[in-house]
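In: Predicted model follows, preceded by the sequence.
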Amino acid sequence: MKKLMIFFALIFLIVISNNAWAKISVIANHDHITIDLFYHGSTVSVKGQAQPGSDIVVKITSPDGSQVLRKKGKVLDLVWMSVENLQFDNVPNLYILRSTKELKDILKEQEAVKNKIGYSALKNFAQITPVSNENEKEELWNEFIKFKEKSKLYNVKADIAKSEENGQTHYYTLIQWPYQAPPGIYNVTAYEIKDGKVIDTAQTQINVEKVGILKMLSNMAKNNSLFYGIVCILIAILAGFSVGVLFKKAGKAH
């Protein structure tokens, strides 16, 4: 009986200990983004609390997947055109990172790699084909990052604001959500960092989905492609007719 009581006491202490370490929290104010006809992106603020003296990293990602880019080259020394497909596997379509300071100043490299924090860490997991050597991989990876940043789908900034109040660190960051990000579930992970190590994490999600007529058309294209094609043709005819009427009226006005 005594051994049984000691066992339950240990379990209780473990639970209490785990709860005591769960210090960081994360809240995304805009966790359901809807895409309608007038959608041009959105804003998402992320905030929370952590232990005093901590640094914070916030990472927003889509699930890992594959991306295909076309490599351009000069054909017959005359014309630049696509000459090869490059496939990038194990990479997210969207990767947004915010931190209280530059990553190199707060996080050890092995911790960054372990938690996929930063472009260099992502590169360790990415598979690029075809590629012949590490130098070529480095070059193609840099081009991939440039392309994703230009598309507004990747960005890394050290702009998290933090303050110490009531014995806790409060943090806040505002993110411009790109309209280029497709519908889906995105993970928001907050990392609490001390002495170069991640000591705690918290997670929430952002759901992006089409609504209204866009959702209807999307479902129609997926489930009834013939009817979807007919609707598209009717919309095109109606749009052409409308433009014709407008030009006719404009001509009469002159």
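Out: That came through, no problem. Everything numeric in this text was worked out from a predicted model, so none of it was measured.

In: what residue ranges in this structure are flagged as low confidence?
Out: For the chain, applying pLDDT under 70 flags the ranges 1-22, 246-247, 249-254.

In: show me the contacts for residue 172.
Out: Residue 172 makes contact with 45, 46, 47, 160, 161, 162, according to CB atoms under 8 Å, 6 or more residues apart in numbering. Placement of C-beta: from N, CA and C, glycine included.

In: Please look at the third one and residue 56 and confirm they touch.
Out: No. Shown here, residue 47 and residue 56 do not form a contact pair, counting by CB atoms under 8 Å, at 10.0 Å.

In: related to what we said a few turns ago, kindly indicate which of the contacts of residue 172 lies nearest residue 93.
Out: Set against residue 93, the nearest of the contacts of residue 172 by CB to CB is residue 46 (19.3 Å).

In: is it fair to say the closest one lies in a strand?
Out: Yes. Per DSSP: H, G, I helix; E, B strand; the rest coil, residue 46 lies within a strand segment.

In: Could you double-check that it sits in contact with residue 190?
Out: Yes. Using CB under 8 Å, residue 46 is in contact with residue 190, at 7.3 Å.

In: Around residue 71, count how many other residues there are.
Out: Burial measure for residue 71: 12 neighbouring residues, criterion other CB atoms under 10 Å.

In: in the helix or strand hosting it, what counts as buried?
Out: Assigned by DSSP states H and E, residue 71 belongs to strand 64-75. Residues 67, 69 are the ones in strand 64-75 that count as buried (16 or more other CB atoms under 10 Å).

In: now stretch 123-131
Out: 123, 126, 128, 131.

In: where does the last one land in three-state SS?
Out: Of the three states, residue 131 takes coil under three-state DSSP.

In: wait, it sits on residue 137?
Out: Yes. Using CB under 8 Å, residue 131 is in contact with residue 137, at 4.8 Å.

In: From the contact counts, what lies against the helix or strand where residue 220 lies?
Out: Using DSSP H and E, residue 220 sits within helix 212-223. In terms of contacts (3 or more CB pairs under 8 Å, 6 or more residues apart in numbering; DSSP states H and E), helix 212-223 is packed against helix 225-253.

In: Just the buried residues of the helix it packs on, please?
Out: Applying 16+ other CB under 10 Å to helix 225-253 flags residue 228 as buried.
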